[in-house]
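Trainee: Generate coordinates for the sequence data below:
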Amino acid sequence: MLVALAGVVLIAGVQADSADDLLWKGNALTQMGMYDKAIDALDASIKTKASAQAYAVKGEALDKLGKHDEALAAYDAAALTDPNYAGAWVGKGKVFAELKKYDQALMVFNQAILLDPKNGAAWAGKADALNALGQTEESQKATGKAKDFGFVANLS
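Mentor: Reported below is the predicted structural model:
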């Protein structure tokens, strides 16, 4: 529903001026799969006021475009902007997992969990990385934690 509403607002030509508006617009465009336009909005948001969330959403859009090195740099910028923002670490872990760099992914997901022990996405990422590393028992424990914290997508 939110994405549909965002699409209507964007199509109607509503201009976003503040950093928060531009972040919202960039997030909506990312959810709609309009990654290049999302990056433009997020760059404008960051130029107005750098935020960890804007960098992280930019990382997501770049990752969807297959620009993994740029996505990692965006997630690094998010973590530098707010070292306690677990979303930056989760996003970075997802990129490492896509690149099959599971040891690095595991390290980053663990950092996210240290920052936000109830982050279901971090636990799910950790479970996937552990599974890829052949650590099945530990992976199952992490999957249980992910489910405990409400993350159920793609978990068996």
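Trainee: Just after the helix or strand of the chain with the lowest mean pLDDT, pick out the following helix or strand.
Mentor: Lowest by mean pLDDT, DSSP states H and E among the helices and strands of the chain is helix 2-11, with a mean of 51. Next in sequence after helix 2-11, counting helices and strands by DSSP states H and E, comes helix 19-31.
Trainee: Go through whatever helix or strand comes next after that next one and flag the buried ones.
Mentor: The helix or strand immediately downstream of helix 19-31 is helix 35-48, counting by DSSP H and E. Under the neighbour-count criterion of 16 or more other C-beta atoms under 10 Å, helix 35-48 has Tyr35, Lys37, Ala38, Ile39, Asp40, Ala41, Leu42, Ala44, Ser45, Ile46, Thr48 buried. Yep, even glycine has a C-beta here, placed from its N, CA and C like the rest.
Trainee: And for stretch 101-109?
Mentor: Buried, per 16+ other C-beta under 10 Å, within stretch 101-109: Lys101, Tyr102, Gln104, Ala105, Leu106, Met107, Val108, Phe109.
Trainee: What about the residues you listed, which are in strands?
Mentor: Using DSSP state E, no member of those sits in strands.
Trainee: Cross the residues you listed against helices and list the overlap.
Mentor: Among the buried residues of stretch 101-109, DSSP state H puts Tyr102, Gln104, Ala105, Leu106, Met107, Val108, Phe109 in helices.
Trainee: what helix or strand is the closest residue to the fourth one other than its chain neighbours on?
Mentor: Of all residues not flanking Leu106 in the chain, Ala129 sits nearest, at 4.2 Å (C-beta to C-beta, 6 or more residues apart in numbering). Here Ala129, judged by DSSP H and E, is contained in helix 120-132.
Trainee: ok, and what's touching that helix?
Mentor: For helix 120-132, contacts defined as C-beta atoms under 8 Å, 6 or more residues apart in numbering pick out 86, 89-90, 93-94, 97, 100, 102-103, 105-106, 109-110, 112-113, 116, 136, 138-140, 142-143, 145-151, 153-155.
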